[in-house]
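Novice: I'll drop the sequence and a predicted model, then ask my questions.
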Amino acid sequence: MTPDSGKKHLSMLRSYTVADAFTLGNASCGTIALFLCLEYSLSHRDWLIWTAVALLFLALFWDVMDGYWARRSRRQSVLGADLDSLSDIVSFGVAPAVLGYTLGLRGGWDIVILVYFVVCGISRLARFNVTAAALSDGSGKVKYFEGAPIPTSVLIVAVLAAAFAAGAVEEELWLGAHRILLPTLHPLTLLYGASGTAMISATLRIPKP
């Protein structure tokens with residue numbers, strides 16, 4: 001073992017900033033929400049869904065905080081952008097899709113749309129990472145979002161929470177269910193389709209704070 005091998009072994013941990021800790025909090029909330037949805041499918045205990053919903057909104061709080069600390073910190077993270085994107089796809093892409101599936105969006109067309117939503121989220125985050133320099137004003141600060149930011153999916157989570165509170169889940173989902181060329185479509189799933197399309201839209205520009 002060379003004298004500096006121990007330092008290299010822990011170099012990633014030492015590279016974390018306060019903003020990165022908030023980002024990992026975001027990812028942790030999304031991951032636990034996924035586990036709770038899986039547990040609800042087995043036990044159907046309502047508190048599991050309410051906790052999952054609360055965790056996704058807590059993930060949004062951590063996402064806002066990591067941006068705030070990254071802007072005010074003099075120490076820039078070497079992992080920040082990629083860490084944030086990977087965390088966001090868990091908390092605001094996969095977790096909301098799994099929540100919808102858990103509450104009854106399980107038709108064939110539903111699954112296609114939920115996959116489309118997640119893929120759009122991944123694509124939107126990848127595009128932002130590779131075009132951030134081009135979208136900046138020369139100072140490194142991005143002036144606007146190209147396409148809806150993926151955390152806007154919490155709006156869908158809010159709709160699902162309202163449906164769950166009203167007992168409009170499983171067979172009682174709002175807007176019902178329809179068979180189209182044999183697979184089933186729950187029109188409520190179209191919220192995910194609209195959200196995904198907004199994320200990859202090149203013409204939708206939202207000022208970045």
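Specialist: It's in.
Novice: contacts and neighbour counts: CA atoms only from here.
Specialist: Will do.
Novice: where does this protein have low pLDDT?
Specialist: Low-confidence segments of the chain, defined by pLDDT under 70: 1-16, 18, 68-80, 131-145, 205-209.
Novice: where do the strands sit along it?
Specialist: For the chain, the strands identified by DSSP state E occupy 144-146, 178-179, 184-185, 205-207, in order along the chain.
Novice: what's the second one packed up against?
Specialist: Read that as strand 178-179. Strand 178-179 is packed against strand 184-185, with contacts defined by 3 or more C-alpha pairs under 8 Å, 6 or more residues apart in numbering; DSSP states H and E.
Novice: can we see that at 10 Å?
Specialist: For strand 178-179, the contact count by 3 or more C-alpha pairs under 10 Å, 6 or more residues apart in numbering; DSSP states H and E identifies helix 108-135, strand 184-185 as packing neighbours.
Novice: what strands line up against the last one, and which way round?
Specialist: In the sheet containing strand 184-185, its partner strands are strand 178-179 (antiparallel), by DSSP bridges.
Novice: for the residue nearest to the spatial centre of the chain, give its distance to T152.
Specialist: A centroid search over the chain (C-alpha atoms, centre = their mean) returns F92, at 1.2 Å, as the residue closest to the centre. Applying C-alpha to C-alpha, to the nearest Å, one obtains 8 Å for the distance of F92 from T152.
Novice: who touches both of these two?
Specialist: Counting by C-alpha atoms under 10 Å, 6 or more residues apart in numbering, the shared contacts of F92 and T152 are L60.
Novice: and the helices and strands packed on strand 178-179 as a markdown table, adding distance to A33?
Specialist: Supplementary listing: these in a markdown table, determined by distance: least, C-alpha to C-alpha, whole Å:
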| stretch | distance to A33 |
| --- | --- |
| helix 108-135 | 16 |
| strand 184-185 | 25 |
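Novice: could I get those as a markdown table with mean neighbour count and distance to T23?
Specialist: What follows is the helices and strands packed on strand 178-179, written out as a markdown table (neighbours: other C-alpha atoms under 10 Å; distance: least, C-alpha to C-alpha, whole Å):
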| stretch | mean neighbour count | distance to T23 |
| --- | --- | --- |
| helix 108-135 | 19 | 15 |
| strand 184-185 | 20 | 35 |
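Novice: out of the ones you listed, which comes closest to L160?
Specialist: For the helices and strands packed on strand 178-179, proximity to L160 was assessed by C-alpha to C-alpha; helix 108-135 is nearest, at 14.0 Å.
Novice: so how far is the closest one from its chain's centroid?
Specialist: Offset of helix 108-135 from its chain centre (C-alpha atoms, centre = their mean, to the nearest Å): 10 Å.
Novice: how many residues are close by S28?
Specialist: When neighbours are counted by other C-alpha atoms under 10 Å, S28 registers 18.
Novice: residue contacts, it?
Specialist: Counted by C-alpha under 10 Å, 6+ apart, S28 has contacts F22, L34, L55, L56, A59, S87, V90, S91.
Novice: which ones are touching the second one?
Specialist: Yep, that's L34 we're talking about. 28, 40, 49, 52, 55-56, 90-91, 94-99, 102.
Novice: for W109, which non-adjacent residue is spatially closest?
Specialist: The spatially closest residue to W109, leaving aside those adjacent along the chain, is L185, at 5.1 Å (C-alpha to C-alpha, 6 or more residues apart in numbering).
Novice: wouldn't the one you found be in contact with L114 here?
Specialist: No. The pair L185 and L114 does not pass the contact test of C-alpha atoms under 10 Å, sitting 11.3 Å apart.
Novice: thanks again, I'm all set now.
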